[in-house]
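Asker: Pasting the sequence and the predicted model now:
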Amino acid sequence: MSKFTEYIKGYWNGTGTLLVGLRTSMRVFLRKKVTEQYPENRHTTLHIPERHRATLEMVYDEEGHHHCIACGLCQMACPNGTIRVTSATKEDAEGKKKKYLVKYEYDLGSCMFCQLCVNACPHGAIRFSNHFENAVFEREKLLLTLSREGSVLAASGSK
Amino acid sequence: MNQAFLDYYSLEPLTGWIHRTLCGVMPEDWAVFLEGLVIGVVILLAYALLAVVLIYMERRVCGAFQCRIGPNRVGGRGGLLQVPADVLKILTKEIIRLKKSDHLLYELAPYLVILASVVSFSCLPWHKGAQVLDLEIGVFFVLAASSIGVLGILLAGWSSNSKYTLIGAVRSGAMIISYELSLGITVLTMVVLSGTMSISGIVESQAGGWNIFRGHIVAVVAFIIYLIAGNAEANRGPFDLAEAEQELTAGYHTEYSGMHFGFFYLAEYLNLFITAGIATTLFLGGWMPFHVAGLDGFNAVMDYIPGIVWFLGKTFFVVFLLMWIRWTFPRLRIDQVLTLEWKYLMPLSLLVMMVMTVFKVFGLVF
């Protein structure tokens, strides 16, 4: 192919690709905008993916019972020392010593949302929830107690 | 064709009446001076107002092209007060004088840029009989006046005593001087078609049909070349390598602050408007209403829309085209910019001018 025909083809190819670009951007221009207008759409169109890890919470059943056997695996799995499980032992009817959960403390401020604790839990007692609006004015308010007063281990033990 | 509409909206009787009234109460020199003063203030106000409108439009259009909304918080729905707020902010900022800059040139440069922009701005045909500067060689004058801007850019880059500004200025100078060629040639093409260089004359020659329809395919090609070259003249993307943020922070105006920076910013947007306005004048009939031969009722309705609405409407349409181009294409490298001009646009525009001349001579245009 001669230099001149290549040059003429350059005009056509150039114009063609430029028009493709213009068509693409015009399509984007006419498309519905993807911007989330956050505080306004909080109760309407806000979409948080189901698996988004925002804060740790305990799983409670209908009677308000948790599934934690106070084994402390989550506490050991945590790289940041975010979780502190306080447990005590008591004898059950058969005279066996059994651990039970007294207090489950979780420091949101030092959590890095790696989900190692949830993966370590053998009973599915904890999970990450979508409640992402966690900003507070004092650091102390980030120290959360996930266990509830009066809540005991669910009869089934695990989920 | 019935061309009575040409006189329908003319502002000449009004301006003539004002002039006569003023001459009745004071000497003519004073009257002319006073009129000049008022027109000057009006031009500067329109300049500032249009800059605000254009910056707002740019932000919204850019947002839409990137699939987002753009400013919509300040001033209630639509974010209409965002740009006025930014203007107030920039007015309160300090103008910093650099110790090792060339003080005189450093402070002169933004005024040169804004001067070139205001002078070419005054040449736009706003309305029948409402053109501020109407010379016999109006188009020529606009080209000459807008070239002062490149001087300001070069001076700004040189006098700031910084590597970024100097590189930006030299790039911008090389590019603007190159693209002025194909810009000038396409403008000459339309001068050939219209047969006059006066801006009001060009507009009036399009009473029977806009140039882009009269010159059909040749005029369309010329229009496209004009848009590309005009975009480069206004230093806007994809030709914004003079202020390539990633390499040169802000190019030639890196060292400027406050209102001196504001002048460069204003001039950039108004140059966009002027480019679009000249395109409207040359190709889309200036303030001429849209007419379809034969549809008299339709034409009569179109005549009721005042010329300034037509002019602004068409200009903003061209501005939108330019923004569409800007937000679609990536920035060109300096050698690509020069290749595009010298190897492609310039030969093409010369060819277009030749073909247009032949068409005009043999009466192949409408």
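Answerer: Sure thing, it's come through.

Asker: which stretches of chain A form strands?
Answerer: Chain-ordered strands for chain A, with DSSP state E as the definition, fall at A:55-58, A:83-91, A:97-107, A:126-129, A:143-145.

Asker: Make sure I have this right: B:Ile308 is in a strand.
Answerer: No - going by DSSP: H, G, I helix; E, B strand; the rest coil, the assignment for B:Ile308 is helix, not a strand.

Asker: where's it relative to B:Leu282, distance?
Answerer: Using CB to CB, to the nearest Å, we find B:Ile308 at a distance of 18 Å from B:Leu282. Every C-beta, even on glycine, is put in place using the N, C-alpha and C of the backbone.

Asker: Dump the strands of chain A to CSV, plus mean pLDDT.
Answerer: As requested, those are exported to CSV (pLDDT from 0 to 100):
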stretch, mean pLDDT
strand A:55-58, 90
strand A:83-91, 88
strand A:97-107, 88
strand A:126-129, 90
strand A:143-145, 90
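
Asker: Turn those strands into CSV, columns for distance to B:Ser160 and mean neighbour count.
Answerer: Listed next are these as CSV, based on distance: least, CB to CB, whole Å; neighbours: other CB atoms under 10 Å in any protein chain shown:
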stretch, distance to B:Ser160, mean neighbour count
strand A:55-58, 51, 19
strand A:83-91, 57, 14
strand A:97-107, 52, 16
strand A:126-129, 53, 17
strand A:143-145, 54, 14
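
Asker: and the ones you listed as JSON lines, adding distance to chain B?
Answerer: Shown next, in JSON lines, are the strands of chain A (distance: least, CB to the nearest CB, whole Å):
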{"stretch": "strand A:55-58", "distance to chain B": "28"}
{"stretch": "strand A:83-91", "distance to chain B": "39"}
{"stretch": "strand A:97-107", "distance to chain B": "35"}
{"stretch": "strand A:126-129", "distance to chain B": "29"}
{"stretch": "strand A:143-145", "distance to chain B": "33"}
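
Asker: so which of those strands gets nearest B:Tyr111?
Answerer: strand A:55-58 (57.7 Å; CB to CB).

Asker: Packing partners of the closest one?
Answerer: strand A:126-129 (3 or more CB pairs under 8 Å, 6 or more residues apart in numbering or on different chains; DSSP states H and E).

Asker: residues touching A:Ser129, list them.
Answerer: Contact analysis of A:Ser129 by CB atoms under 8 Å, 6 or more residues apart in numbering or on different chains lists A:54-57.

Asker: Can you give me the neighbour number for B:Val301?
Answerer: 11 (other CB atoms under 10 Å in any protein chain shown).

Asker: actually A:Thr44, not the one I typed
Answerer: By other CB under 10 Å, neighbour count at A:Thr44 equals 7.

Asker: Check what pLDDT it gets.
Answerer: At A:Thr44, the predicted lDDT confidence score is 81.

Asker: same thing with B:Asp7?
Answerer: 59.

Asker: now B:Tyr56
Answerer: For B:Tyr56, pLDDT reads 88.

Asker: how much space between it and A:Arg27?
Answerer: 24 Å.

Asker: Of those two, which one has the most company?
Answerer: Between B:Tyr56 and A:Arg27, B:Tyr56 has the larger neighbour count (other CB under 10 Å), namely 20 against 10.

Asker: Geometrically speaking, which residue is the centre of chain A?
Answerer: A:Arg53 (0.8 Å; CA atoms, centre = their mean).

Asker: Surely it touches A:Met112?
Answerer: No - with contact defined as CB atoms under 8 Å, A:Arg53 does not reach A:Met112; the gap is 9.7 Å.

Asker: Whichever residue of chain B sits closest to chain A: what's it in contact with?
Answerer: Residue nearest to chain A within chain B (CB to the nearest CB): B:Thr328, separated by 4.1 Å. If you count contacts by CB under 8 Å, 6+ apart, B:Thr328 has them with A:21-22, A:24-25, B:65.

Asker: if you set the cut-off to 6 Å instead, what comes out?
Answerer: A:21-22, A:25 (CB atoms under 6 Å, 6 or more residues apart in numbering or on different chains).

Asker: Just confirm yes or no for the worst-scoring helix or strand of chain A on mean pLDDT near chain B.
Answerer: None of the helices or strands of chain A scores lower by mean pLDDT, DSSP states H and E than helix A:38-41, at a mean of 81. No - if you take CB under 6 Å from any CB of the partner chain as the test, helix A:38-41 misses chain B, and the best it gets is 10.3 Å.

Asker: quick one: low-confidence ranges for chain A?
Answerer: Applying pLDDT under 70 to chain A picks out residues A:1, A:156-159.

Asker: Distance of the residue of it found nearest chain B relative to A:Arg31?
Answerer: Using CB to the nearest CB, the single residue of chain A nearest to chain B is A:Ser25, 4.1 Å away. Here the criterion is CB to CB. By it, A:Ser25 lies 10 Å from A:Arg31.

Asker: now the nearest residue in space to A:Ala70 that is not next to it in sequence: how far from A:Cys68?
Answerer: Distance criterion CB to CB, 6 or more residues apart in numbering or on different chains; nearest residue to A:Ala70, sequence neighbours excluded, is A:Ser87 at 3.7 Å. Noted for A:Ser87: a distance of 9 Å to A:Cys68, by CB to CB.

Asker: Now do the shared contacts for the two.
Answerer: A:Leu101.

Asker: Now tabulate the strands of chain A in CSV and tack on distance to B:Trp342.
Answerer: Formatted as CSV, the strands of chain A follow (distance: least, CB to CB, whole Å):
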stretch, distance to B:Trp342
strand A:55-58, 62
strand A:83-91, 69
strand A:97-107, 66
strand A:126-129, 61
strand A:143-145, 68
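
Asker: Out of the ones you listed, which is closest to A:Lys9?
Answerer: Proximity to A:Lys9 (CB to CB) singles out strand A:126-129 among the strands of chain A, at 57.6 Å.

Asker: hang on, the earlier thing: ok, A:Ser25 and A:Arg31, which is more surrounded?
Answerer: Relative neighbour count places A:Ser25 above the other of A:Ser25 and A:Arg31, with 20 against 10, counting by other CB under 10 Å.

Asker: show me the contacts for the more buried one.
Answerer: So A:Ser25 contacts B:65, B:328 (CB under 6 Å, 6+ apart).

Asker: Kindly report the residues of chain A close to chain B.
Answerer: Residues of chain A lying near chain B (CB under 6 Å from any CB): A:21-22, A:25, A:28-29, A:31, A:33-35.

Asker: Derive a ChimeraX selection command for the buried subset of those.
Answerer: Buried residues within the residues of chain A next to chain B, by 16 or more other CB atoms under 10 Å in any protein chain shown, are selected in ChimeraX with:
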select /A:25,29
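
Asker: Among the residues of chain A next to chain B, which are located in helices?
Answerer: A:21-22, A:25, A:28-29 (DSSP state H).

Asker: So for A:Cys71, what's the nearest residue that isn't a sequence neighbour?
Answerer: A:Pro122 (6.9 Å).

Asker: Can you pull the phi and psi angles for the one you found?
Answerer: Note on A:Pro122: its backbone torsions stand at phi -80, psi -10 [degrees, to the nearest 10].

Asker: Equivalent analysis for B:Gly215, please.
Answerer: According to degrees, to the nearest 10, B:Gly215 has phi -90, psi 0.

Asker: isn't it right next to B:Val192, touching?
Answerer: No - when contacts are counted by CB atoms under 6 Å, B:Gly215 is not listed as touching B:Val192 (9.2 Å).

Asker: which one of those two has more residues nearby?
Answerer: B:Gly215 (28 against 18).

Asker: check contacts around the more buried one.
Answerer: B:193, B:365.

Asker: try 8 Å
Answerer: B:189-190, B:193, B:222, B:356, B:359, B:365.

Asker: Same check on B:Phe140?
Answerer: Contacts of B:Phe140 (CB under 8 Å, 6+ apart): B:Met197.

Asker: And the pLDDT at it?
Answerer: 86.

Asker: how far is the helix or strand hosting it from where the chain is centred?
Answerer: Per DSSP states H and E, B:Phe140 falls inside helix B:138-146. Taking the mean of its C-alpha atoms, helix B:138-146 sits 11 Å from the chain's own mean (CA atoms, centre = their mean, to the nearest Å).
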